[in-house]
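In: Generate coordinates for the sequence data below:
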Amino acid sequence: MRIHAVLLVGVVGCGIVSGLSPAAAAQGPLDLLPADNLLCWKGLPLPDVGAVPEGPSSLGTLIDLFGQLSGRLGPKEQLTIRVFETLGVVAHYPFAVALIDTKATGARADGSGSKVDELRIAAVIKTRGDNRPFLRIIQKTVRSMTDAGVATLVKKQAGRWVYQELRDRRLPPWCVIAWGRLGDHFVITVGRDVWPLIASVAEGKTASINGDPWVSAVRAQFSSEPLIEVFVSVRKICKRLDPFVKGRATAFFDAWNCHDVERSHWALGFEGRALYCITNSRLTSGTARRVYADPHVRDPHLLAAIPPQSRYAVYNVSMARFLPRLISSYYATRSTKDREEATRLWNKIQADLKIDAEKDVLGNLGRRVVLHNYPRHPLHLPLAFTTLIEIRKDPARVRTTLEKLCEEWREGMDKAGSEKDRPITARLERDDDGVWFVQIGPVAGLAWVFTDRYIVTSWSPKALRDYLTHYGEKLNPPPKPRAVAGPASAPASGR
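Out: As a prediction, this is how the structure comes out:
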């Protein structure tokens, strides 16, 4: 009998046996994740997400097809593919994923870049005992990884619960994969001794995220559970990573003006069709609260650009500050050489094109960004939305500048591809109607266009044109108020 056949029996067996032991009364995934973590993402199913398909999902089928077309994949590539497939299934359930600990070293001599030396992650999904969709993915993973006979699957026990642990000698020593049922939840972990840690939380021996006083106080502000919650332990991340990456974790958060932030909690949810986005940050002086996306915006011209029945968000952010911070945070993780080269190249591009991006573009953008989910992606991908970035003034100047930058980008991509003397896999294209898009092989991806009132992007040229065809007239600037003549002068009295 081939080894993977034996392992598959163990996979299914674990799904049955581990359910025989009663778990502690955990109401949700956050009750099973340790309070001492670096980063956590909790999610609930989107309101329009249907039930998990009994057979292979569309996303899973595409992923399998990609793997077959790519030829024989190594263990890391196989795991990456299965992670994406798992995420597609997870979206149908209440879940939480936590980065419990990590250790990284610089990939270069100067400490820049990153190379993972240790990683401990836990995913807790509330399946109410129906773990079949996840066991199917695990079975495929085990089958593909054990043909070479270098993987081992061992049944283990942590407290009252049984789980399975998979190791592969081709993977780093820290990459230990474990899974098992814990009451109403299915737990998948990566890293050494992570599954026993979750069992310890279930037994009440280790504090959970929900048991943290500050987290409990912040979550109590919401009358109903937010759709998405993100917990960021800023100080812990910096303390853990700075010694290995020469202070670049602190530099990253400093670029976002998080000097005084110890930890933060982000909450996103819907009020009707409108999304709210609220953050609470624990500072040395107390807790600061900010609303980034307001569900109560009533601007008629703004709302007119949102298709009826679509879910949407209206963010209030200054693009003149947000984009520079985004770029600065990225280069904070790079070497000094990379930053200097990027600055030199950017200055050269602006000089050659005779533009000033800060004055010509950023200074003319508004503070509001609209996102909506029209048109719907056929695979219901959560990040497949249409975005409208407000242009506050001088749209002709904004358009001319951005068109020049896109042309320069296209020429740079073509030149880089020709210098490598191999087929160009990604190209930047522009159609006659002004729509720009990224072409990756046969797939047309992200697309954008510049109008008099917005920079509009969507997940494909077809999706963008669909939106423009049906709602493009709503993107016109509101008419300027007509001058009203003052009252006529009174005739002379004749006195």
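
In: Can you name the residues that contact Ala158?
Out: Counting by CB atoms under 8 Å, 6 or more residues apart in numbering, Ala158 makes contact with 195-196, 198-200. Just so you know, the C-beta spots here come from the backbone N, C-alpha and C atoms, and that holds for glycine as well.

In: change it to 10 Å
Out: By CB atoms under 10 Å, 6 or more residues apart in numbering, the contact list for Ala158 reads 178, 180, 182, 187, 193, 195-200, 202-203.

In: Taking the centroid of this structure, which residue is nearest it?
Out: Central residue of the chain (CA atoms, centre = their mean): Leu383, 7.6 Å from the mean position.

In: leaving aside the residues next to it on the chain, what's closest to it?
Out: Leaving aside its sequence neighbours, Leu383 sits nearest to Trp459 (CB to CB, 6 or more residues apart in numbering; 8.0 Å).

In: That neighbour - how many residues pack around it?
Out: Using other CB atoms under 10 Å, Trp459 has 19 neighbouring residues.

In: Tell me the backbone dihedrals of the residue nearest to the centre of the chain, please.
Out: Phi and psi for Leu383, reported as degrees, to the nearest 10, are phi -100, psi 10.

In: Could you list the alpha-carbon positions for the host helix or strand of Glu340 in CSV?
Out: Using DSSP states H and E, the element containing Glu340 is helix 336-353. Provided in CSV are the C-alpha atoms of helix 336-353 (Å, rounded to 0.1, in the frame of the first residue of the first chain):
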residue,chain,number,x,y,z
THR,A,336,19.0,52.5,2.2
LYS,A,337,20.3,51.8,-1.3
ASP,A,338,16.9,50.8,-2.6
ARG,A,339,15.3,53.9,-1.1
GLU,A,340,18.0,56.2,-2.7
GLU,A,341,17.7,54.5,-6.1
ALA,A,342,13.9,54.7,-6.0
THR,A,343,14.0,58.4,-5.1
ARG,A,344,16.6,59.1,-7.8
LEU,A,345,14.5,57.3,-10.4
TRP,A,346,11.3,59.0,-9.4
ASN,A,347,12.9,62.4,-9.6
LYS,A,348,14.3,61.6,-13.0
ILE,A,349,10.9,60.5,-14.3
GLN,A,350,9.3,63.7,-13.1
ALA,A,351,12.0,65.8,-14.6
ASP,A,352,11.9,64.0,-18.0
LEU,A,353,8.1,64.3,-18.2
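
In: so where's this structure uncertain?
Out: Residues of the chain that meet the criterion pLDDT under 70 lie in 1-26, 48-85, 88, 105-114, 141-149, 417-424, 477-495.

In: now the angle from the lengthiest helix in the chain to helix 336-353?
Out: In the chain, with assignment by DSSP state H, the single longest helix is helix 395-419. On the basis of axes from the mean of the first three to the mean of the last three CA atoms, to 10 degrees, helix 395-419 is oriented at 120 degrees to helix 336-353.

In: Can you tell me which helices and strands helix 395-419 packs against?
Out: Applying 3 or more CB pairs under 10 Å, 6 or more residues apart in numbering; DSSP states H and E, we find helix 395-419 packed against helix 336-353, helix 357-360, strand 386-391, strand 426-430, strand 436-440, strand 443-450, strand 454-458.

In: Give me the buried positions along it.
Out: Neighbour-count burial for helix 395-419 flags 395, 397-399, 401-402, 404-405 (criterion: 16 or more other CB atoms under 10 Å).

In: same thing with stretch 253-272?
Out: Buried residues in stretch 253-272, counting neighbours by 16+ other CB under 10 Å, are found at 253, 255, 258, 261-270.

In: Save the helices and strands packed on helix 395-419 as JSON lines, and put in mean neighbour count too.
Out: JSON lines is the format used below for the helices and strands packed on helix 395-419 (neighbours: other CB atoms under 10 Å):
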{"stretch": "helix 336-353", "mean neighbour count": "12"}
{"stretch": "helix 357-360", "mean neighbour count": "16"}
{"stretch": "strand 386-391", "mean neighbour count": "22"}
{"stretch": "strand 426-430", "mean neighbour count": "14"}
{"stretch": "strand 436-440", "mean neighbour count": "18"}
{"stretch": "strand 443-450", "mean neighbour count": "18"}
{"stretch": "strand 454-458", "mean neighbour count": "23"}
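
In: Looking at those, spot the one closest to Arg290.
Out: Judged by CB to CB, the one of the helices and strands packed on helix 395-419 that comes nearest to Arg290 is strand 386-391, at 19.4 Å.

In: so what strands line up beside the closest one?
Out: Partners of strand 386-391 in the sheet, by DSSP bridges, are strand 365-372 (antiparallel), strand 454-458 (antiparallel).

In: circling back to that earlier point, out of the buried residues of stretch 253-272, who's nearest Asn280?
Out: Nearest to Asn280, judged by CB to CB, of the buried residues of stretch 253-272 is His265 at 4.8 Å.

In: quick one, what contacts the closest one?
Out: Counted by CB under 10 Å, 6+ apart, His265 has contacts 40, 214-215, 217-219, 221, 226, 229-232, 278-282, 287, 289.

In: and after whatever helix or strand it lives in, which helix or strand comes next?
Out: Assigned by DSSP H and E, His265 falls within strand 261-271. Next helix or strand after strand 261-271 toward the C-terminus (DSSP H and E): strand 274-283.

In: Give me the distance from that following strand to the chain's centre.
Out: The chain centre lies 16 Å from the centre of strand 274-283; the measure is CA atoms, centre = their mean, to the nearest Å.

In: now do stretch 464-471
Out: Its chain's C-alpha centre and that of stretch 464-471 lie 25 Å apart, by CA atoms, centre = their mean.

In: which other residues reach it?
Out: By CB under 10 Å, 6+ apart, the residues outside stretch 464-471 that reach it are 304-308, 310, 372, 374-375, 386, 388, 431, 433-437, 446-449, 451, 456-458, 460, 472, 474-475.

In: In it, which residues are buried?
Out: Across stretch 464-471, burial judged by 16+ other CB under 10 Å covers 464-465, 467-468, 471.

In: same thing with stretch 297-310?
Out: Neighbour-count burial for stretch 297-310 flags 297, 302, 305-307, 310 (criterion: 16+ other CB under 10 Å).

In: Quickly check these for the two that are furthest apart.
Out: Largest separation among the buried residues of stretch 297-310 by CB to CB: Val297 and Pro307, giving 16.0 Å.

In: related to what we said a few turns ago, could you give the angle of the strand holding His265 to strand 274-283?
Out: Using the same axes, to 10 degrees: strand 261-271 against strand 274-283 is 160 degrees.
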